[in-house]
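Trainee: What follows is a predicted structure for the sequence shown.
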Amino acid sequence: MKFLLEGKGSVDVCLNSENKPGDAFIETYYKKEVFEGKKGQIYACLDANPAKIYLGLGDLSSVSYNQLRDSFAKLGNFANKHKIESLSLPLLNIEGICSRRTVHAYVEGLRACEYKFDKYLSKKHQVTLKEIYLELPEDKDASVVEDAIDEAITLVDQVFITRDLVNTPAMDLYPKVLANYAKDLLEEDEVDVTIYSKEEIEEMGMTAFLSVARGSAKEPQLLVMNYHGDSTTDKTIAFVGKGLTYDSGGYCIKTPGGMKTMQSDMGGSATVIGAISAIAKRKLKVNVVGVCALCENMISGDSYKTGDIIGSLRGLSIEVGNTDAEGRITLADALTYAVDTFHPEFVVDLATLTGACIVALGDLSAGAVTNSQDTLDLVKRASEIADEQIWELPNLPGYQDYIKSDVADVYNIGKIKGAGTITAGLFLEKFVDETPWVHLDIAGTAWIDRPIGSLPKGATGSHVKTLYHLAKRFSKEK
């Protein structure tokens, strides 16, 4: 889909507020309550000359980025359903929303109709909507708008890639496949990508990571992605993604229903890959490293077991209370490697880590645990720009008691039924040393069981944009 600043589409789009008709024609329908300008409401006159679509945006006196994006998603789906090839619509100036975010709302919303995971379908998804002509206000600089369009298109492309990775079944996407895909994708944009084999991981001393990987016939891979965007400094930031390409639960086996979507357990890694790809394509002046410990959690005669006491790269011993709390064990070594090797200014890890996060926050917000309020403030601001919600969970001293072990340095699950997301986060904190760190539990947001607004059922690609905007803001903060 192309976004153009010159030319004319085959259908004009009139944008309407909930309390203000766009023209005299539609005012009659406001009075009859046929069309009221509510968010995403559409009234079409396709047989008129010129053909016109009236799109409701809701109450613009309290408009949100999400409100705009979802309205344009409705427009895109409607246009595609009716095989419309091009649209003309004005670019709004809205008080309270920066013009760049407004452009992003247009692009993300309208392009929502393009995405469908149809890799295994005999009938492929068809998109007829090809061109969007934006009419700029007189005071808008076309070059600024074009750059905002390019940025939004880049982000949407990488979100789509992330969704495809997460949606792909584990039979076709296992550690080696994912690592090689990331290498091919990122090296096109001059990102240094290194893939470490099982033997090399053993030499590093990543005992925790290898313990989880032992039960699978698919060998683990350590994926390290290093983007050097700022040659004037050695300062870097680190993103670490959980990389379970399939999670059976191990000997603490999941139910059949619980395993059905467990190809999505590498959502954290896919998010990191997508974000670094976007950062590199936009050539942000920032240094970013991504680390992903990729493996499967399977059952075999060599699988790790409850009661095992395993080592870690940090040198801490871990008592295994539940083999289905495996993600935090792999992340322990990945975080240690990222912190000790690259000495980042801060590290953010993302993981589809706990069902407890879904219980607490549903599928509309990720949960956050941190040891640095300043770093979390940066992450939250980036998430606000991206419209990807984050909710901070408490890191109180008493919670540390829940993961104490009598026979090891740390227990891999909480000893009480509650606070599961918090205790998982605090387990990870033990492996970051003193480095400022934020843990994002994306168990609810990375995969949804129904469409929500512009997001499709299945993988969402959530928080690719958050990581991108975090890196972008960090490059400016320096």
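Mentor: Perfect, I can see it now. Residues are numbered from 1 along each chain as shown.

Trainee: So which elements touch the longest helix seen in the chain?
Mentor: Longest helix in the chain, counting residues (DSSP state H): helix 142-167. Secondary-structure packing of helix 142-167 (3 or more C-beta pairs under 8 Å, 6 or more residues apart in numbering; DSSP states H and E): helix 99-111, helix 175-187, helix 267-281, strand 458-459, helix 464-477. Heads up, the C-betas are built off the backbone N, CA and C, glycines and all.

Trainee: could you check the angle helix 464-477 makes with the helix or strand following the third one?
Mentor: Proceeding C-terminally, helix 267-281 gives way to strand 287-297 as the next helix or strand, assigned by DSSP states H and E. In terms of direction (axes from the mean of the first three to the mean of the last three C-alpha atoms, to 10 degrees), strand 287-297 departs from helix 464-477 by 150 degrees.

Trainee: Measure how strand 287-297 sits relative to helix 175-187, angle-wise.
Mentor: Using the same axes, to 10 degrees: strand 287-297 against helix 175-187 is 160 degrees.

Trainee: Just the mean pLDDT for strand 287-297, thanks.
Mentor: Mean per-residue pLDDT for strand 287-297: 98.

Trainee: name the helices or strands packed onto it?
Mentor: Partner elements for strand 287-297 (3+ C-beta pairs under 8 Å, 6+ apart): helix 175-187, helix 207-213, strand 221-228, strand 237-247, helix 267-281, helix 327-342.

Trainee: So what's the gap between stretch 421-432 and the chain middle?
Mentor: 21 Å (C-alpha atoms, centre = their mean, to the nearest Å).

Trainee: just stretch 355-370 next, same as before
Mentor: 14 Å.

Trainee: Dump that stretch to CSV, keeping only the CA atoms.
Mentor: What follows is stretch 355-370, C-alpha atoms only, in CSV (Å, rounded to 0.1, in the frame of the first residue of the first chain):
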residue,chain,number,x,y,z
GLY,A,355,-0.3,-17.0,32.9
ALA,A,356,-0.5,-14.9,36.1
CYS,A,357,0.0,-11.7,34.0
ILE,A,358,-3.0,-12.6,31.9
VAL,A,359,-5.0,-13.1,35.1
ALA,A,360,-3.9,-9.8,36.5
LEU,A,361,-4.0,-7.6,33.3
GLY,A,362,-5.9,-9.5,30.6
ASP,A,363,-4.7,-9.0,27.0
LEU,A,364,-4.7,-5.2,26.9
SER,A,365,-1.5,-4.5,28.9
ALA,A,366,1.9,-6.0,29.5
GLY,A,367,3.2,-6.2,33.1
ALA,A,368,6.4,-4.6,34.1
VAL,A,369,8.9,-5.3,36.9
THR,A,370,12.0,-3.1,37.3
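
Trainee: Quick check: buried residues in the longest helix of the chain?
Mentor: Across helix 142-167, burial judged by 16 or more other C-beta atoms under 10 Å covers 145, 148-149, 151-167.

Trainee: what's the answer for stretch 36-48, then?
Mentor: 36, 37, 39, 40, 41, 42, 43, 44, 45.

Trainee: which SS state does the third one fall under?
Mentor: In this case it means residue 39. Put simply, residue 39 is coil when judged by DSSP: H, G, I helix; E, B strand; the rest coil.

Trainee: Need the helices and strands packed on strand 287-297 in JSON lines (columns: mean pLDDT).
Mentor: Below are the helices and strands packed on strand 287-297 laid out as JSON lines (pLDDT from 0 to 100):
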{"stretch": "helix 175-187", "mean pLDDT": "98"}
{"stretch": "helix 207-213", "mean pLDDT": "98"}
{"stretch": "strand 221-228", "mean pLDDT": "98"}
{"stretch": "strand 237-247", "mean pLDDT": "98"}
{"stretch": "helix 267-281", "mean pLDDT": "98"}
{"stretch": "helix 327-342", "mean pLDDT": "98"}
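
Trainee: What's the local residue count around the nearest residue to residue 42 once chain neighbours are set aside?
Mentor: Nearest residue to residue 42 in three dimensions, chain neighbours excluded: residue 78, at 5.3 Å (C-beta to C-beta, 6 or more residues apart in numbering). The tally of other residues near residue 78 (other C-beta atoms under 10 Å) stands at 17.

Trainee: just the angle between the host helix or strand of residue 78 and helix 99-111, please?
Mentor: Residue 78 is part of helix 65-81 when elements are defined by DSSP H and E. Helix 65-81 and helix 99-111 are oriented at 30 degrees to each other (the same axes, to 10 degrees).

Trainee: Isn't residue 281 up against residue 155?
Mentor: No. With contact defined as C-beta atoms under 8 Å, residue 281 does not count as touching residue 155 (9.4 Å).

Trainee: Mutual contacts of the two, please.
Mentor: Common neighbours of residue 281 and residue 155 (criterion: C-beta atoms under 8 Å, 6 or more residues apart in numbering): none identified.

Trainee: Which helix or strand lies directly C-terminal to the lowest-mean-pLDDT helix or strand in the chain?
Mentor: For the chain, counting by mean pLDDT, DSSP states H and E, helix 24-31 ranks last in confidence among helices and strands (a mean of 84). Of the helices and strands lying after helix 24-31 in sequence (DSSP H and E), the nearest is strand 42-45.

Trainee: Now that next one: average pLDDT?
Mentor: Rounded mean pLDDT across strand 42-45 is 94.

Trainee: what's the following helix or strand after it?
Mentor: As the chain continues past strand 42-45, the following element, by DSSP H and E, is strand 52-56.

Trainee: Next, the angle from that next one to helix 65-81.
Mentor: 150 degrees.

Trainee: Contacts for strand 52-56, please.
Mentor: Contacts for strand 52-56 (C-beta under 8 Å, 6+ apart): 11-18, 22, 26, 35-46, 71-72, 74-75, 78-79, 87, 89.

Trainee: still on that earlier bit, right, so the helices and strands packed on helix 142-167: which one is the most enclosed?
Mentor: Of all the helices and strands packed on helix 142-167, helix 267-281 carries the top mean neighbour count, a mean of 29, counting by mean count of other C-beta atoms under 10 Å.

Trainee: so what secondary structure elements neighbour it?
Mentor: helix 142-167, helix 175-187, strand 221-228, strand 237-247, strand 287-297, strand 347-351, helix 464-477.

Trainee: by how many degrees do that helix and helix 142-167 diverge?
Mentor: 150 degrees.

Trainee: Let's see helix 267-281 as CSV, backbone CA atoms only.
Mentor: Listed in CSV are the C-alpha atoms of helix 267-281, where the atom choice follows Å, rounded to 0.1, in the frame of the first residue of the first chain:
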residue,chain,number,x,y,z
GLY,A,267,7.2,-13.9,21.1
GLY,A,268,9.8,-12.0,23.1
SER,A,269,12.5,-13.0,20.7
ALA,A,270,10.4,-12.3,17.6
THR,A,271,9.7,-8.8,19.1
VAL,A,272,13.4,-8.1,19.6
ILE,A,273,14.2,-9.3,16.0
GLY,A,274,11.4,-7.1,14.6
ALA,A,275,12.5,-4.0,16.6
ILE,A,276,16.2,-4.3,15.7
SER,A,277,15.2,-4.7,12.1
ALA,A,278,13.1,-1.4,12.3
ILE,A,279,15.9,0.4,14.1
ALA,A,280,18.5,-0.7,11.5
LYS,A,281,16.3,0.2,8.5
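
Trainee: No further questions, thank you.
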